[in-house]
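Chemist: Task: produce atomic coordinates for the following.
(3 chains)
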Amino acid sequence: MGKRAAIIGTGQTNHCSSREDVNEMELVYEAATAALKDAEMTIKDIDAVVLANMELFEGRALPDMWCGEGAGAFMKHAFKISTGGTSGTSGAISGYYHVASGLFDRVMVVGFEKHSEGDASGGMALTDPFWDRHIAAAAIGNFALSVSAYMADRGVTEEQSAKVAVKARRNACNNPHAHLQMPDLTVKEVLESPILAYPVHRLEMCPQSDGACAIIFASEEIAKKRCPRPAWVRAAVTRHDHIYLGEVKNRLSTMRSLREAAKAAYEIVGIKEPLKEFDVAEIYDPLTYAEIAWYEALGFCKDGEGGMLIDGGVTQMDGELPVNPSGGVISTNPVGASGTIRVAEGALQIHGRGGKRQVPDVNLALVTGYGVYCWSDVLILSSKPY
Amino acid sequence: MRREVQQEELLRVPVHMKLHYRFPAGAHYERFFKEMKETGRIMGVRCPECRRVLVPPRPVCGECFARTEEWVQVGPKGTVVAYTSICFSFIDLTTGKPRPIPYGAGLIQLDGAYSAINHILEEGDPGKLYIGMRVEAVLKEKREGNIGDILYFKGIEE
Amino acid sequence: MSDHVERMVLQGKVDMHFSYAAGKTASRFFVELRDRQRIMGKRCPLCQRVIVPAQLFCKECFVETDEWVEVGPEGTLVTFTVVYHKENHHPKEAPLAYGIIKLDGADTSIVHFLSETEVTKLDHGMRVRAIFSEERKGHILDIECFRPV
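Modeler: Next up, the predicted model:
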């Protein structure tokens, strides 16, 4: 067991389709300075820096070289984490490990992405050159494949999927940082949006955003001194599944990596009934169907009942377990930052700094990350250190 | 969506990246591609521990971390286990040009294999595709020893 | 390892386009180059260094720079090289000379082409001057090269 560590500050840029006014390093700087301000620290207080990014999207072979100084990495211990969509949560887990190891007391993690500068679909298609590169149609196509199988398997409907999109874009209106804020979106509009890859409509898919998010982790002594209500990391688990898409059976139905990661994390904290015990969840939903599938994989309900949770409003802001008060990845998706944002939003809820998206009395928050075909991260944050 | 209106001129710097790589296939992939090129057979390998037949063949079973050595012929018939029809335009990185759309794509579990392979379906209309659909690999006449030697999978009556 | 004979090799090709936002600070730097043939830096309010090309923030002090300062167009050649081998990714035909130039009034140096490709005619500490391109587009190559003076 490592030493106790907590998140004491977070900072985000405003996320949107194209940030013309800053280059990528300046975007990183914006998030880093916001987190330092939130934690009432200066860069001199930071011992180590972890960067998270999807390098191929912007054609930067070494994003840490291009952008590290924006995170204050100059003359500091610095690392880069790049694990696809999980980069942001894996970066946060790495930041936690730094502090939990006892070797560092104050660590800043910054996730970032500038989708507007490159070709994300192209970057995603740079998979194994022998098998997939000439066939796969990037994230959307690969997802669409598992959606058709998931619908057949579990009977999830288009309407249930569309309801997730409506919930996400409405929640996003309470989040000043969110990219897609659509207060009046309807199920009908979602289902009338163009089909990108059968059966996935444009409004069921996450956008491509420019944005960055920073988190500051601190050791127990510092967290207690500097933060009135630290968000303690109680569990951090990562699981990687097979890398060949054809080897994962019914990916959305089984989602083995998320099930295994959640099981391990729940065991560490002693969670028996996740729907009842968690006060809020920020889960990585790259598209609507995934959110429903994750409800099942995370044990919020039995397999096959995910659609009923969204029908019953259980995961709405006023439901039993609000899921993604921030609007989620469906509303905001600067990929390298998307996982970091989940962790920051979970911490924000515990800090009580959620503004209009604050859920009352949050003591226990569940955070997940999703990457590549099926890699998963699960973090559990708590208002109590043990 | 941006907070403030920017008055000053904001510039962009364009970069065109053209890169060449060479990927040695290694013994397992090489045998798969040679077999397909020369005989038209699709081959997988069996894990000595979990007994799963993996296609594409890999030297190590991901689950058991065991070396795979037993070769098994699979397909050419198989079953669609997932499908989609790609309707959005995107740049095919290998050509730098948009890939023609719409087209059908699926995960096909070849007869005798555990894992499915990701490939193109002849049928692009999602209304005519279904899970459990029986399909067969259609190979090129002049094969070159790459995954493109399978042109697509076509629906079959059984 | 010598018994390993590499046989089948797949040729891979990637063709991608990128478009990088300069951001407001670098945009102004480029606009000054293009419209006024001026090279601009920004001063850090804490360490007082003049950083060239102009940057939004000082990477040592981690604070925003505030004061715009014109530097050059003359400066000192800190170091240099002449590249003789050819590669597809090189921006110019070999022999290709480039160096690190500390412009007068600047505390950091910039990397740029040198007009002189004869090694014996280049020297550390020599004085050089920016030559601007005839056709300027708001790009670092609006400075064509540096020429010994």
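Chemist: in the chain, what spans have low per-residue confidence?
Modeler: Just so you know, I chose chain A. For chain A, the stretches with pLDDT under 70 are A:120-126, A:133-138.
Chemist: you looked at the wrong chain, it should be chain C
Modeler: Across chain C, the ranges flagged by pLDDT under 70 are C:1-6.
Chemist: Apply 80 and report the result again.
Modeler: C:1-7, C:12-15, C:88-90 (pLDDT under 80).
Chemist: So which residues of it form strands?
Modeler: With strands called from DSSP state E, chain C shows them at C:9-21, C:39-43, C:50-51, C:57-58, C:63-64, C:67-71, C:74-83, C:96-103, C:110-113, C:127-132, C:143-148.
Chemist: Select, out of those, the one closest to chain B.
Modeler: strand C:9-21 (3.3 Å; CB to the nearest CB). Backbone N, C-alpha and C define where each C-beta goes, glycine included.
Chemist: what residue lies at the spatial centre of chain B?
Modeler: Compute the mean C-alpha point of chain B, and by CA atoms, centre = their mean the closest residue is residue B:118, 3.6 Å away.
Chemist: Sorry, wrong one. I was asking about chain C.
Modeler: For chain C, the residue nearest the mean C-alpha position is residue C:111 (3.5 Å; CA atoms, centre = their mean).
Chemist: For that one, which non-adjacent residue is closest in space?
Modeler: Residue nearest to residue C:111 in three dimensions, not counting chain neighbours: residue C:100, with 5.7 Å by CB to CB, 6 or more residues apart in numbering or on different chains.
Chemist: how about stretch A:141-157 against chain B, any contact?
Modeler: Yes. Residues of stretch A:141-157 contacting chain B under CB under 8 Å from any CB of the partner chain: A:141, A:144-149, A:152.
Chemist: Same question for that stretch: list its buried residues.
Modeler: Neighbour-count burial for stretch A:141-157 flags A:141-154, A:156 (criterion: 16 or more other CB atoms under 10 Å in any protein chain shown).
Chemist: What is the most widely separated pair among these?
Modeler: A:141 and A:154 (20.9 Å; CB to CB).
Chemist: Who are the packing partners of the host helix or strand of residue B:38?
Modeler: Taking DSSP states H and E as the criterion, the element that holds residue B:38 is helix B:26-39. Helix B:26-39 makes packing contacts with strand B:42-46 when contacts are defined by 3 or more CB pairs under 8 Å, 6 or more residues apart in numbering or on different chains; DSSP states H and E.
Chemist: pLDDT on the helix or strand following the strand it packs on, on average?
Modeler: Using DSSP H and E, the helix or strand that follows strand B:42-46 towards the C-terminus is strand B:53-54. Averaging pLDDT along strand B:53-54 yields 95.
Chemist: hmm, who's touching whichever helix or strand comes after strand B:53-54?
Modeler: Using DSSP H and E, the helix or strand that follows strand B:53-54 in sequence is strand B:70-74. Residues outside strand B:70-74 that contact it (CB atoms under 8 Å, 6 or more residues apart in numbering or on different chains): B:31, B:41-46, B:48, B:53, B:55, B:57, B:110-113.
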